[in-house]
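Visitor: I would like to see how this sequence folds:
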Amino acid sequence: MVDVREYLTADGKNPYREWLDTLDVTPRARIQARVLRFSTGNLGDHKSVGAGVWEARVMFGPGYRIYFAKDGAQLVLLLLGGDKSTQSADVARAQESWKAHQEGKRRGKTK
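Guide: Here you go, the predicted model:
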């Protein structure tokens, strides 16, 4: 099993959850089902977008995306969500979040 966690910023915000909570019930359920499969090690259709960040495509609606990082073999950290229309900005933001997580981990502030 793979541990799937949601990234929290230094001030306690959860960008992934904040995005997910803006969606209607149907897309939210599809995205949550996709994330549930992550815990079995099934990442499905995904690709690297650089700087240690990965993008999982959800083939529904406007092209939903889940941005995550792999922290070792047994941890997936959900960084952010978005769709095709905000992809470039989302990738940059996810990369910044992953970098902040790694820096916090080095300083002993995150696990």
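Visitor: P27 sits in which helix or strand?
Guide: helix 25-38 (DSSP states H and E).
Visitor: Remind me what that helix packs against, helices and strands.
Guide: Helix 25-38 is packed against helix 15-20, strand 53-58, strand 64-70, strand 75-82, with contacts defined by 3 or more C-beta pairs under 8 Å, 6 or more residues apart in numbering; DSSP states H and E. Placement of C-beta: from N, CA and C, glycine included.
Visitor: and the angle from that helix to strand 64-70?
Guide: Angle between the axes of helix 25-38 and strand 64-70 is 30 degrees (criterion: axes from the mean of the first three to the mean of the last three C-alpha atoms, to 10 degrees).
Visitor: Okay, and the beta partners of L77?
Guide: R5, A69 (DSSP bridges).
Visitor: Who are the contact partners of the residue nearest to K47 when sequence neighbours are not counted?
Guide: Spatially, and ignoring its direct neighbours in sequence, K47 is nearest to E55 (5.8 Å; C-beta to C-beta, 6 or more residues apart in numbering). When contacts are counted by C-beta atoms under 8 Å, 6 or more residues apart in numbering, E55 touches H46, K47, S48, V49, R65, I66, Y67, Q87, V91.
Visitor: one step back: check which element follows the helix holding P27 along the chain.
Guide: Defined by DSSP H and E, the subsequent element after helix 25-38 is strand 46-50.
Visitor: Quick check: Q95 vs H101, distance?
Guide: The spacing between Q95 and H101, counted by C-beta to C-beta, to the nearest Å, is 11 Å.
Visitor: circling back: how far out from the middle of the chain is the helix holding P27?
Guide: Relative to its chain's centre, helix 25-38 lies at 12 Å (C-alpha atoms, centre = their mean, to the nearest Å).
Visitor: before we move on, the earlier item: would you mind naming the residues that bridge with the residue nearest to K47?
Guide: With DSSP bridges as the rule, E55 is bridged to K47, Y67.
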